[in-house]
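S.K.: quick one, what's the 3D model for this:
(one chain, ligands or ions: 1)
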Amino acid sequence: MRIAVISDVHANWPALEAVVSDFGGVDDVICLGDVVGYGGDPLRCLDYVRGRSWLTLTGNHDRACTDPDALGWFNEEAARAIRWTVEQLGHDRLRWLRALPEQTSRLGIRLVHASPRNPVFEYVLDTSTAAANLKLLLGGVCFHGHTHLPGVFQIEGRHVVHNYRLGATSLAGPALINPGSVGQPRDHDPGASYGIWNTTEGSFEFRRVPYDREAAKRSIRQAGLPERFAIRLDFGY
Ligand code: ZN
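M.R.: Residues are numbered from 1 along each chain as shown. I've put the predicted structure just below:
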């Protein structure tokens, strides 16, 4: 079975559309959260993800749409985007966001937005944070998003390392695997990032897809969202 694993769409419709066209015949799709926030097309992205009944987790931006405490952690620009997003969504979509699970598992793989230790909010950006979370996996594998940085935290010898290269890698635990961000990559590559989990081969393939960034930038500007959210798409940061 081939399962596409996406995360951090962040209301970037052209990026989501491009990634979906790149799937090439998948049996299922898993979305690790942050469908909204930052971008100018929350309705189209949310309705698309929801309409397909993909297994979708809650991200911190999704949570912030319905939880003032979560919104309190956001910087002013990101909070402004959330407030605008909430105005667009309406009750029914907000109810859907509120009901998204924080964590689950599929075929023995743990699924969270942020980290096993703190499923919605913790950033796994360095090897010491990764080490603490790898311990909790008891030899297993976890798919997570949140940092918008694709790659694998795993143990080599006595050290935790971070590896990222396009193409397939084998799923050997303990490992934290991040497919990167569809709608706002931050590893200096502007291409939409995601992965394909091949459950038969036990592998995960990292992919990048170019998309219409001008259209995504236009949506952000038309919505009156911070200009920085448009510019950063060109730099992959
Ligand atoms: Zn995110």
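
S.K.: so which bits of this structure are right by the ion?
M.R.: Within reach of the ion by CB under 5 Å from the ion, the chain has these residues: D8, D34. Just so you know, the C-beta spots here come from the backbone N, C-alpha and C atoms, and that holds for glycine as well.

S.K.: show me how far the lengthiest helix in the chain is from its chain's centre.
M.R.: Longest helix in the chain by number of residues, with DSSP state H as the criterion: helix 76-98. How far helix 76-98 lies from its chain's middle: 17 Å, per CA atoms, centre = their mean, to the nearest Å.

S.K.: given the helix or strand that it is followed by, what are its sheet partners and their directions?
M.R.: Using DSSP states H and E, the helix or strand that follows helix 76-98 towards the C-terminus is strand 103-106. Partners of strand 103-106 in the sheet, by DSSP bridges, are strand 109-112 (antiparallel).

S.K.: mind giving me the packing neighbours of the longest helix of the chain?
M.R.: Contacts defined by 3 or more CB pairs under 8 Å, 6 or more residues apart in numbering; DSSP states H and E place helix 76-98 against helix 42-51, helix 60-64, helix 227-235.

S.K.: kindly recompute the last result at 7 Å.
M.R.: Other elements packing on helix 76-98 under the criterion 3 or more CB pairs under 7 Å, 6 or more residues apart in numbering; DSSP states H and E are helix 42-51, helix 60-64.

S.K.: ranking those helices by burial, who's on top?
M.R.: Mean neighbour counts were compared across the helices and strands packed on helix 76-98 using mean count of other CB atoms under 10 Å; the top stretch is helix 60-64, at a mean of 26.
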